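> 3D, please:
(one chain, ligands or ions: 2)
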Amino acid sequence: MFKWGLLFLGLGLAYWWFIAKKKNKNRAADNQIKQTEPTTAKPQQMVSCAYCDLHLPQNDALAQDGRYYCCAEHRDSISQKGWWGKAQWRASTNFDERPEGIAVDLAVIHHISLPPGQFGGHHIIDFFQNNLDPTAHPYFEQIANQKVSSHFLIDRNGKTTQFISLHKRAWHAGISQFFGREKCNDFSIGIELEGDGDVFFTNEQYASLAEMIGVLLKKFPDLRFAGHSDIAPERKTDPGPSFDWARLTKIAKLSEERLPFGSSSR
Ligand SMILES: [Zn+2]
Ligand SMILES: [Zn+2]
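Numbers count the residues shown, from 1 in each chain. Ligands and ions are numbered 1, 2, ... in the order given. So this is what the prediction gives:
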């Protein structure tokens, strides 16, 4: 009888030990689940469309260079304030007001490379933002204090940067004349292509330029196109003979009237 008692006691202890262990295990598992649970309780970050100011959850917005858009159409358009959503924005202080009531009806094509003949890097952006390091290259010493700008730059990869609102006057043309009208900065948009006048421009640059022209024409329907050398022939040679005007005419579907200096390379 005593033996049976011991046996039951033993079984009872074993059972108690087994249950206690199982409980501990469950508790540990519960804790683990709690720890790994995603923190969905956090409120959704809201952003506003840089084109129309619509507020929307960040997850539903299109991100572009640190900005947000409610839809592709708004991202790809020029805003009321004169900024193209598709470009990266690197604001420059080298601008002033256009004369009151003036219509923007000219786009001036330029080329630039810094240092001259070298492509890539951030020197052009630095230059237009007055951040060029004069010690980085001997040539930079001469130009670091110049205050110039352009509305747009298209680099060798076709990447487009905007520096100045299209409603403001950028400082790209200098002393210039377009069929008797002086001071072309007043009524023009400046477009710089990264290039040196010798090497051909890239396919990506032509594609980006044509896309940009399509967008610009919606906002500025009277736009005509000229090279810097066309409006300042004594001083300037850009974009130069390596720029293929005929190719641009074709891919941007430009009519002859939009090219008063013709479509042959010059
Ligand atoms: Zn929008
Ligand atoms: Zn130029």
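> May I have the secondary structure class of the residue nearest to residue 261 when sequence neighbours are not counted?
Take residue 261 and drop its neighbours on the chain: the residue closest to it by C-beta to C-beta, 6 or more residues apart in numbering is residue 230, 4.5 Å away. All C-beta spots, glycine's among them, are computed from the backbone N, C-alpha and C. Secondary structure state of residue 230, per DSSP: H, G, I helix; E, B strand; the rest coil, is helix.
> wait, residue 230 sits on residue 264?
No. Using C-beta atoms under 8 Å, residue 230 makes no contact with residue 264, being 11.9 Å away.
> Return the residues of the stretch 1-150 of the chain in contact with ligand 1.
Contact residues, the stretch 1-150 of the chain versus ligand 1 (C-beta under 5 Å from the ion): 49, 51-52, 54, 70, 74.
> Now with 6 Å, please.
49, 51-52, 54, 69-71, 74 (C-beta under 6 Å from the ion).
> Among the residues you listed, which ones are in strands?
Counting by DSSP state E, the part of those found in strands is residue 69.
> Tell me if residue 109 really is in a strand.
Yes. According to three-state DSSP, the state of residue 109 is that of a strand.
> still on that earlier bit, what's the spacing between the residue nearest to residue 261 and residue 85?
Distance of residue 230 to residue 85, given as C-beta to C-beta, to the nearest Å: 30 Å.
> which SSE is the nearest residue to residue 146 once chain neighbours are set aside in?
Setting aside the residues directly before and after it, residue 146 is nearest to residue 127 in space (C-beta to C-beta, 6+ apart), at 7.9 Å. With secondary structure defined by DSSP states H and E, residue 127 is part of helix 123-128.
> anything in the helix or strand that that helix is followed by near ligand 2?
Counting by DSSP H and E, the next helix or strand C-terminal to helix 123-128 is helix 138-143. No. Helix 138-143 does not reach ligand 2 (C-beta under 6 Å from the ion); its nearest approach is 13.2 Å.
> Contacts for the next helix or strand after helix 138-143 next, please.
Counting by DSSP H and E, the next helix or strand C-terminal to helix 138-143 is strand 152-154. With C-beta atoms under 8 Å, 6 or more residues apart in numbering as the test, strand 152-154 has contacts from 84, 87, 112, 124-125, 128, 160-163, 189-194, 205, 208-209, 212.
> Just these: which are in strands?
Those of the contacts of strand 152-154 lying in strands (DSSP E): 112, 160-162, 189-194.
> Now the two most distant members of the residues you listed.
Using C-beta to C-beta, the two most remote members of the ones in strands among the contacts of strand 152-154 are 189 and 194, lying 17.3 Å apart.
> Without its sequence neighbours, what residue ends up closest to residue 92?
Going by C-beta to C-beta, 6+ apart, residue 92 has residue 163 as its nearest residue, at 4.0 Å.
> for the chain, which spans come out with low pLDDT?
Low-confidence segments of the chain, defined by pLDDT under 70: 1-41.
> what's the domain layout of it?
Domain segmentation of the chain under automatic domain parsing yields 43-75, 86-258.
> Same list (the ones you listed) but as a markdown table, adding mean neighbour count.
Below are these laid out as a markdown table (neighbours: other C-beta atoms under 10 Å):
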| stretch | mean neighbour count |
| --- | --- |
| domain 43-75 | 15 |
| domain 86-258 | 18 |
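> ok, what's across the strand from residue 194?
Beta-bridge pairing of residue 194 under DSSP bridges involves residue 112.
> what's near enough to touch it?
Neighbours of residue 194 in contact, by C-beta under 8 Å, 6+ apart: 111-113, 119, 124, 153-156, 205.
> If we use 10 Å, what do you get?
111-114, 118-121, 124, 153-159, 201-202, 205 (C-beta atoms under 10 Å, 6 or more residues apart in numbering).
> Alright, I will stop here.
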